[in-house]
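>>> dropping the sequence and predicted coords here.
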Amino acid sequence: MNSFAREDDNAPRTKILKKECGEQYAAFKECMKRLNDETKCGNFKDTLMECGVSAFKKANSEPGYQFE
C-alpha cells in the first residue's frame, strides 16, 4: 500500500483537487509560492476546500472515477 502526505503532489487527494478545482488549486499554490505562509493564503485555501467538498463527494460516489 502506498502512503502519501496529504499535500504531496502525487497524493490522490491533491490529484482530485487539481482535476475538479483546478482554478482554485492554482490560485492557492500561487499564493503559497509568493508568500510561503499558509496563514496568509487562508482565503485561497478556504475557497479551495469549499470546492473540494463537492469534488470529494463526486470522487467517492462515481463508480470508476479516475483522478489521474
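That came through, no problem. Residues are numbered from 1 along each chain as shown.
>>> which SSE is Phe44 in?
helix 42-61 (DSSP states H and E).
>>> next, the most centrally placed residue in the chain: secondary structure please.
Geometric centre of the chain, nearest residue: Leu17, 3.2 Å, by CA atoms, centre = their mean. Following DSSP: H, G, I helix; E, B strand; the rest coil, the label given to Leu17 is helix.
>>> residues in contact with it?
24-25, 48, 51-52, 55 (CB atoms under 8 Å, 6 or more residues apart in numbering). Where you see a C-beta, it was placed from the backbone N, CA and C, and this is true even at glycine.
>>> roughly how far does it sit from Glu38?
15 Å (CB to CB, to the nearest Å).
>>> ramachandran angles for the closest residue in space to Lys40 that isn't next to it in sequence?
Spatial nearest neighbour of Lys40, excluding adjacent residues (CB to CB, 6 or more residues apart in numbering): Cys31 at 7.4 Å. Dihedral angles of Cys31 (phi, psi; degrees, to the nearest 10) stand at phi -60, psi -40.
>>> and the pLDDT at Cys31?
pLDDT, Cys31: 96.
>>> picking up where we left off before, in the helix holding Phe44, what counts as buried?
44-45, 47-48, 51-52, 55, 59 (16 or more other CB atoms under 10 Å).
>>> can I get the contacts of Leu17 in a markdown table with distance to Asp9 and pLDDT?
Below are the contacts of Leu17 laid out as a markdown table (distance: CB to CB, whole Å; pLDDT from 0 to 100):
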| residue | distance to Asp9 | pLDDT |
| --- | --- | --- |
| Gln24 | 16 | 97 |
| Tyr25 | 11 | 96 |
| Leu48 | 15 | 96 |
| Cys51 | 18 | 97 |
| Gly52 | 16 | 96 |
| Ala55 | 16 | 97 |
